[in-house]
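Asker: test case, fold it:
(chains A and B)
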Protein chains: 2
Amino acid sequence: MFLRMEMVDSKKIGIVAGGGNLPVHLANALQSQNIDFSVLALKDYANLKALLPFSPKVFRLGEVGAMIAYLKASKCSEIVMIGPVKRPSLVNLRPDFGALRFLWKIGERFTKGDDALLKTVVNLLEKEGFQIKGADTYLPNCIGKEGFNRSLSEKETQDLNLAWDFLTVTAPFDMGQGCVVQNGRILAAEGPEGTDNMLRRIKPLGILPLKRSGLLLKKPKVNQEMRVDMPMIGLETLKLAAEGGLAGVAYEAGSTFVIDDSLCQEMAAELGLFFGGIKNSAK
Amino acid sequence: MFLRMEMVDSKKIGIVAGGGNLPVHLANALQSQNIDFSVLALKDYANLKALLPFSPKVFRLGEVGAMIAYLKASKCSEIVMIGPVKRPSLVNLRPDFGALRFLWKIGERFTKGDDALLKTVVNLLEKEGFQIKGADTYLPNCIGKEGFNRSLSEKETQDLNLAWDFLTVTAPFDMGQGCVVQNGRILAAEGPEGTDNMLRRIKPLGILPLKRSGLLLKKPKVNQEMRVDMPMIGLETLKLAAEGGLAGVAYEAGSTFVIDDSLCQEMAAELGLFFGGIKNSAK
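Answerer: Modelled structure (predicted):
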């Protein structure tokens, strides 16, 4: 028993906190599980106010060398990177010396798709001796489950199937994790602008403004580095989907973070959206 | 000889004019070829001022019944639909009785992808006894040819190949005719918003603002109704591509309208863009 306590105690997690609420959720979850952790908050991304109770240490995104030194000094053995971080330009990054060493190895993959970049970062951190874990390891309740809050009409099922097929053919291109389909028509495919910005531009594209229809589907890319870049759905996603004239939001069950699932369910009900996860498109 | 003159004279073309300069080009081309024609200008789309010398008759998009009656009364045997027309909502369409008869047959295809809709419209017009011709029949010089205005770097060729592959897998989805690739990364896929709006949103997505790179590729969808919806490139396309930080613009040779080809070549040179067509992506 003593030995087991020792082993649990020996694990320390470094939370690299990007935007949104998930880093706070994770910190709370680790605290309630008595797991030791340090919070590295990314300047301009992390919600510092919400993270304050966990005494975050703030770093610029470019201070990779300083971050690694801090993670080692505070004896973190695992790293969880969580919360959205918009990829900066090389100019805005202002890398420190440790980051330059990283960038040298990353090389031109810095300019490639997000997934190619993240895989390289994960690889390099592993070589530094850290274990990289997905936030879902400690937040199993935030993983979107199978099933919808209401049954889908035939048309909605057809839209869902079309969206699924589309994301299936685009999945190998390391492009985006979502698309919008309405009445058999693909209104938008997500690129690096992200889901929310995609939703903001669909409103003028819809053709039946009198009646909400269509859906957003989120689904991981092929071979996506799920530990650090799982598709995410939050309250804002649902709000923007409704504002964009859609009837619902769907995701691949088991592969999507649903932030505040019960709040999302409430919000979906309030907005009159169908909402839920599928394992595979039912043909 | 007399008989042949008779036959030539008996052909009359109805130009259904949407936006941009192509309807004017077409009218000029027909005039110089001594082919008889009438111009139907679509209200809110057609450039009425530029079409004025051809005495256009103006119709709302929804006045399909009146348009067909006019085409028949002016003894047009062929129809050429040319120039971009944004698909209206059913509400804004305010269809006349003839259009309602059309819409009845079009049914829910009105809400589908552009190509599904256009194919149905063409089909119905053919049943009314009209021949539908592509504008390229009379504007062969506006079809984009093979070859570029300068040789492409290895990176640019890689981007072109990636764009080609991407549009090849999305082509069956009746979605868009273009995409933007930069340094091995797909920045945007065109949806119903059109090429120009896609180009307007790529600027903040680029990662290397100090150096222009990447390209726009335009390529038809699978089984696209090329007679009425060929991909198009004009001066505005080139301008927006340069402003978006791209290094060039490419198209599928033989399947793309290049409006004012010599002006486009001048504009590309002035903006420092590579510009040209390929038959097939060179692997």
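
Asker: low-confidence ranges in the stretch 151-283 of chain A?
Answerer: A:207-210, A:281-283 (pLDDT under 70).

Asker: just so I have it, where are all the strands in it?
Answerer: Counting by DSSP state E, counting those that start in this stretch, the stretch 151-283 of chain A has strands at residues A:178-182, A:185-189, A:215-218, A:232-233, A:248-252, A:257-258, A:274-278.

Asker: including distance to residue A:64, could those go into CSV?
Answerer: Backbone N, C-alpha and C define where each C-beta goes, glycine included. As requested, the strands of the stretch 151-283 of chain A are exported to CSV (distance: least, Cβ to Cβ, whole Å):
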stretch, distance to residue A:64
strand A:178-182, 29
strand A:185-189, 32
strand A:215-218, 29
strand A:232-233, 23
strand A:248-252, 31
strand A:257-258, 24
strand A:274-278, 35
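
Asker: ok, which of these comes nearest chain B?
Answerer: Ranking the strands of the stretch 151-283 of chain A by distance to chain B, with Cβ to the nearest Cβ as the measure, places strand A:185-189 first at 4.3 Å.

Asker: pull up the pairing partners for the closest one, direction included.
Answerer: strand A:178-182 (antiparallel) (DSSP bridges).

Asker: what's near enough to touch residue A:243?
Answerer: Residues in contact with residue A:243 (Cβ atoms under 8 Å, 6 or more residues apart in numbering or on different chains) are A:199, A:203.

Asker: please enumerate the helices of the stretch 1-150 of chain A.
Answerer: Taking DSSP state H, counting those that start in this stretch as the criterion, the stretch 1-150 of chain A contains helices spanning A:2-10, A:22-32, A:48-51, A:64-73, A:90-93, A:97-106, A:114-127.

Asker: residues contacting residue A:57?
Answerer: Residues near residue A:57 by Cβ under 8 Å, 6+ apart: A:38, A:39, A:40, A:41, A:70.

Asker: got the contact list for the closest residue to the third one other than its chain neighbours?
Answerer: The shortest distance from residue A:40 to any non-neighbouring residue, by Cβ to Cβ, 6 or more residues apart in numbering or on different chains, is to residue A:16 (5.0 Å). For residue A:16, the set of contacting residues under the criterion of Cβ under 8 Å, 6+ apart consists of A:40, A:42, A:67, A:79, A:80, A:81, A:82.

Asker: pull the most distant pair out of the residues you listed.
Answerer: A:67 and A:82 (14.5 Å; Cβ to Cβ).

Asker: kindly report the residues of the stretch 151-283 of chain A close to chain B.
Answerer: Contact residues (Cβ under 8 Å from any Cβ of the partner chain) of the stretch 151-283 of chain A with chain B: A:162, A:165-166, A:169-170, A:173-175, A:182-189, A:191-193, A:201, A:204-210.

Asker: just the buried ones from these?
Answerer: Neighbour-count burial within these applies to A:162, A:166, A:170, A:173-175, A:182-189, A:191-193, A:201, A:205-208; the criterion is 16 or more other Cβ atoms under 10 Å in any protein chain shown.

Asker: could you tell me which of the residues you listed belong to helices?
Answerer: Residues of those located in helices (DSSP state H): A:162, A:166, A:170.

Asker: return the member of those residues nearest to residue B:75.
Answerer: residue A:162 (43.1 Å).

Asker: and the residue of the stretch 151-283 of chain A closest to chain B?
Answerer: Closest contact between the stretch 151-283 of chain A and chain B, by Cβ to the nearest Cβ, is at residue A:183 (3.8 Å).

Asker: next one, pLDDT for the residue nearest to residue A:94 when sequence neighbours are not counted please.
Answerer: Leaving aside its sequence neighbours, residue A:94 sits nearest to residue A:62 (Cβ to Cβ, 6+ apart; 4.6 Å). Note on residue A:62: pLDDT of 81.

Asker: again, but for residue A:40
Answerer: Predicted confidence (pLDDT) for residue A:40: 94.

Asker: mind listing what it touches?
Answerer: Under the contact definition (Cβ under 8 Å, 6+ apart), the residues listed for residue A:40 are A:14, A:15, A:16, A:17, A:56, A:57, A:58, A:59, A:67, A:70, A:71.

Asker: that one pairs with what?
Answerer: With DSSP bridges as the rule, residue A:40 is bridged to residue A:16, residue A:57.

Asker: give me whichever of the helices of the stretch 1-150 of chain A is most buried.
Answerer: Neighbour counts averaged per stretch over those are highest for helix A:22-32, at a mean of 20; criterion: mean count of other Cβ atoms under 10 Å in any protein chain shown.

Asker: check which helices and strands it sits against.
Answerer: Contact analysis of helix A:22-32 by 3 or more Cβ pairs under 8 Å, 6 or more residues apart in numbering or on different chains; DSSP states H and E lists strand A:12-17, strand A:36-42, helix A:48-51, strand A:78-82 as its packing neighbours.
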